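Colleague: I'll drop the sequence and a predicted model, then ask my questions.
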Amino acid sequence: KAGVTQTPRYLIKTRGQQVTLSCSPISGHRSVSWYQQTPGQGLQFLFEYFSETQRNKGNFPGRFSGRQFSNSRSEMNVSTLELGDSALYLCASSFQGGAGETQYFGPGTRLLVL
Amino acid sequence: GENVEQHPSTLSVQEGDSAVIKCTYSDSASNYFPWYKQELGKGPQLIIDIRSNVGEKKDQRIAVTLNKTAKHFSLHITETQPEDSAVYFCAASIGGGGADGLTFGKGTHLIIQP
């Protein structure tokens, strides 16, 4: 079974631009979560989607948004990029996002904002 | 919200020795505690997890212990091998599933000296 895939793997943007990152979960998984990883703040929860609905979100500004499609693939969007948005963005999938389910992480998209 | 502290930030041990990483959490409602291993260029991979109704769990060379009263949990790796070198993250969650989000510690860089 193929793992979680994320595209692109690397991205360079300039301040003020917007960016869209994509995540394809493991086949059959319907829950997709997004995390931001930085050296200073570590791994932080952004939001989680299930059946095209956002069920939970972390403490991030509204510039960070996401969506999920009917095939469970998910995208996250960051508008008006700031230097501090430079990070590794990780997506994780699980069957339904329920208790006891292992979350499988993708390799991440490394975003550099100049 | 939940806060997870992880120590030490770097741990160097001789191959064959044991390694112990400790975490404390703040929210007594947390009931799911996974440990992830992250290798360079890869996303975090679950290595073991424990729930609040269990005090200890073991999987071959890896074990996790949980003390709910003291709100701390630990990862124990015995007979360390070179491939154990990586960054290890502890995490805590109230619901235990992807929908609830994971709060991560800042990570421990484990170095296995040959």
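Modeller: Sure, I can see it. Numbering: from 1, shown residues only, chains lettered A, B, ... in the order given.

Colleague: how many neighbours does the closest residue to B:Cys90 other than its chain neighbours have?
Modeller: Nearest residue to B:Cys90, sequence neighbours excluded (C-beta to C-beta, 6 or more residues apart in numbering or on different chains): B:Cys23, at 3.8 Å. Placement of C-beta: from N, CA and C, glycine included. Residues near B:Cys23, counting by other C-beta atoms under 10 Å in any protein chain shown, number 26.

Colleague: do the same with the one 4 residues further on
Modeller: Using other C-beta under 10 Å, B:Asp27 is surrounded by 15 other residues.

Colleague: A:Ala99 now?
Modeller: 16.

Colleague: Check whether A:Val78 really touches A:Arg63, as I assumed.
Modeller: Yes. Taking C-beta atoms under 8 Å as the definition, A:Val78 is a contact partner of A:Arg63 at 5.8 Å.

Colleague: More neighbours: which of these two?
Modeller: Legend: neighbour count by other C-beta under 10 Å for A:Val78 and A:Arg63, higher for A:Val78 (25 against 13).

Colleague: Quick check: the gap between the more buried one and chain B.
Modeller: Look at A:Val78 and chain B: by C-beta to the nearest C-beta, to the nearest Å, they are 18 Å apart.

Colleague: Now for that residue: which residues touch it?
Modeller: Taking C-beta atoms under 8 Å, 6 or more residues apart in numbering or on different chains, we find A:Val78 in contact with A:18-19, A:21, A:63-65, A:85, A:111.

Colleague: Spatially, which two of those residues are the most separated?
Modeller: Within the contacts of A:Val78, A:Ser65 and A:Leu111 form the most distant pair, 15.0 Å apart (C-beta to C-beta).

Colleague: who in chain B is up against chain A?
Modeller: Within chain B, the positions near chain A by C-beta under 8 Å from any C-beta of the partner chain are B:1, B:32, B:34, B:36, B:41-46, B:49, B:51, B:89, B:91, B:95-107.

Colleague: Within range of chain B, give me the residues from chain A.
Modeller: So far as C-beta under 8 Å from any C-beta goes, chain A lies against chain B at A:4, A:31-33, A:35, A:42-45, A:48, A:50, A:55-56, A:58-59, A:90, A:92-94, A:96-108.

Colleague: Verify the contact between A:Thr7 and A:Gly108 for me.
Modeller: No. The pair A:Thr7 / A:Gly108 is not scored as a contact, 10.8 Å apart, by C-beta under 8 Å.

Colleague: now the residue nearest the centre of chain A, nearest residue through space, not along the chain?
Modeller: Nearest residue to the geometric centre of chain A (C-alpha atoms, centre = their mean): A:Trp34, 3.2 Å. With C-beta to C-beta, 6+ apart as the criterion, A:Trp34 has its nearest non-adjacent residue at 4.1 Å, and that residue is A:Leu46.

Colleague: What of B:Pro82?
Modeller: For B:Pro82, ignoring the flanking residues on the chain, the nearest one in space by C-beta to C-beta, 6+ apart is B:Ile112 at 5.3 Å.
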